[in-house]
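S.K.: Got a sequence here, can you model it:
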Amino acid sequence: MNWRAVKLAALLGLLAIGVAGAVVMRTGPQEGGATAGVALRPDDAATVARGRSVYLEHCAACHGQKLEGQPDWQRRRPDGKLPAPPHDETGHTWHHPDAVLFALTRLGPARVVGDPAYATDMPGYEGILDDDAVVAVLSYIKSTWPAAIRARHDRLNETARRD
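M.R.: As a prediction, this is how the structure comes out:
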């Protein structure tokens, strides 16, 4: 596959996740109970501490101990899968509202985009982590972002809730 095709495939994958996110935000309850009413708690110390612990146990092997993700995370591998993205400010996690992040974590990208053949190593954690643990992990991640990015993410959530 040439570089142009790789970029197009990556763009289409991100677009599919974005469209699925819009569906999650507009339709409310989803398969498995993911809802538009999810709200992260990055200022709750107990939630963040639990989230850090759960992250280190279930997420860090792929997304990194320091949320740094895998090298070349924006370039598909030969198997068509994207490496795990960073969850720090250098990644795109903060570009998605809380409900989308929750759905991606709980259900996995393949179920969120509605394509069981979607090439991803990211599993869904439904049946592994309860909803509070998913919120805690995402709250921990958000708690590490710089203030300007957290504020931008808060505005994104407000817009998503209004829509």
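S.K.: what about the helices in this structure?
M.R.: 3-27, 45-58, 60-63, 98-107, 109-113, 131-143, 147-162 (DSSP state H).
S.K.: Please identify the buried residues of the shortest one?
M.R.: For helix 60-63, the neighbour count (16 or more other C-beta atoms under 10 Å) marks 60, 63 as buried. Just so you know, the C-beta spots here come from the backbone N, C-alpha and C atoms, and that holds for glycine as well.
S.K.: Look up the closest residue to the most centrally placed residue in the chain, ignoring the ones flanking it.
M.R.: Nearest residue to the geometric centre of the chain (C-alpha atoms, centre = their mean): Leu101, 3.9 Å. Spatial nearest neighbour of Leu101, excluding adjacent residues (C-beta to C-beta, 6 or more residues apart in numbering): Leu138 at 5.2 Å.
S.K.: hang on, the one you found packs against Ala103?
M.R.: No. Contact between Leu138 and Ala103 fails when scored by C-beta atoms under 8 Å: they sit 10.9 Å apart.
S.K.: In terms of neighbours, single out the busier of those two.
M.R.: Shown here are Leu138 and Ala103; by other C-beta atoms under 10 Å, Ala103 has more neighbours (31 against 25).
S.K.: I'd say the more buried one and Val112 touch.
M.R.: Yes. Using C-beta under 8 Å, Ala103 is in contact with Val112, at 5.1 Å.
S.K.: State the pLDDT value of Arg161.
M.R.: pLDDT for Arg161: 87.
S.K.: what residues are up against Lys66?
M.R.: Asp88 (C-beta atoms under 8 Å, 6 or more residues apart in numbering).
S.K.: Cool, thanks, signing off.
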